[in-house]
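Chemist: got a sequence here, can you model it:
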Amino acid sequence: MDTIKTERLILRNFRPEDAPDLLAYLREPGASCFLSLKLDDLAAAEAEATERAGSDENIAVCLAATGRVIGDVFAMPEPPDTYSVGWNFNAAFSGAGFATEAARALFDYLFTVKQARRLYAYVEEDNVPSRRLCERLGMRVEGLFREFISFREDEHGNPVYENTLQYALLRKEWQAAG
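Modeler: This next block holds a predicted model:
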């Protein structure tokens, strides 16, 4: 993918040397939907960073001043013109607007360069920060899926199902708001 620069960030493809920064936020994923991405050690992070380096779907979000990876955004294409989008950030960098800045840049790229017609995101009902980010981006709730998916089990080994919201945004809505 093309490198995207914002005021404070650089969005680019992952590189194998991003492994330590990736491990910093995937050692203990904050959102349950990322539990399957949990990394136990640097070797696992190196393998994950190398795999991500070969794809345009997972995009590293780096601080422009230092080059440090502080999270990622992703865009999974669904031909002909729709993308499933999302984000995952190191909690140590929360509250500074980095996720909003990165997601806005990603959305602008998808709508203008990739000519996306529609973007959507699944967000667990209890993930309030991600829900607020969707709303800041102008996304609207399209539906609530009750007991939609399970990412973990309870103490008895039973799946814990989570309610999931689907947010979406059309290119014409993005352009009208911009």
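Chemist: switch to C-alpha atoms for all contacts and neighbour counts from now on
Modeler: Noted.
Chemist: so what's the closest residue to Ala53 other than its chain neighbours up against?
Modeler: Nearest residue to Ala53 in three dimensions, chain neighbours excluded: Phe14, at 4.4 Å (Cα to Cα, 6 or more residues apart in numbering). Listed by Cα atoms under 8 Å, 6 or more residues apart in numbering, the contact set of Phe14 reads Ala49, Thr50, Arg52, Ala53, Gly54, Asn58, Ile59, Ala60.
Chemist: now the end-to-end length of stretch 76-93.
Modeler: Start-to-end span of stretch 76-93 (Cα to Cα, to the nearest Å) is 24 Å.
Chemist: ugh, typo on my part, it should be stretch 83-99
Modeler: Terminal residues of stretch 83-99 lie 18 Å apart, using Cα to Cα.
Chemist: just to revisit the earlier point, list only those of the contacts of Phe14 flagged as buried.
Modeler: Ala49, Thr50, Arg52, Ala53, Asn58, Ile59, Ala60 (16 or more other Cα atoms under 10 Å).
Chemist: so which of the residues you listed are in helices?
Modeler: For the buried ones among the contacts of Phe14, membership in helices holds for Ala49, Thr50, Arg52, Ala53, with DSSP state H as the criterion.
Chemist: picking that back up, pLDDT and distance to Thr3 added to the buried ones among the contacts of Phe14, as TSV?
Modeler: Output for the buried ones among the contacts of Phe14, formatted as TSV (pLDDT from 0 to 100; distance: Cα to Cα, whole Å):
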residue	pLDDT	distance to Thr3
Ala49	97	17
Thr50	96	18
Arg52	96	15
Ala53	96	13
Asn58	95	13
Ile59	97	9
Ala60	98	10
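Chemist: which strands and helices sit next to the longest strand along the chain?
Modeler: Assignment by DSSP state E gives strand 140-153 as the longest strand of the chain. When contacts are defined as 3 or more Cα pairs under 8 Å, 6 or more residues apart in numbering; DSSP states H and E, strand 140-153 sits against strand 159-170.
Chemist: tell me what the strand it packs on is packed against?
Modeler: If you count contacts as 3+ Cα pairs under 8 Å, 6+ apart, strand 159-170 packs onto strand 118-124, strand 140-153.
Chemist: how about JSON lines for those strands, with mean neighbour count and distance to Leu37 added?
Modeler: Formatted as JSON lines, those follow (neighbours: other Cα atoms under 10 Å; distance: least, Cα to Cα, whole Å):
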{"stretch": "strand 118-124", "mean neighbour count": "21", "distance to Leu37": "16"}
{"stretch": "strand 140-153", "mean neighbour count": "14", "distance to Leu37": "11"}
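Chemist: need those strands in a markdown table (columns: mean pLDDT and distance to Phe89).
Modeler: As requested, those are exported to a markdown table (pLDDT from 0 to 100; distance: least, Cα to Cα, whole Å):
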| stretch | mean pLDDT | distance to Phe89 |
| --- | --- | --- |
| strand 118-124 | 96 | 15 |
| strand 140-153 | 88 | 18 |
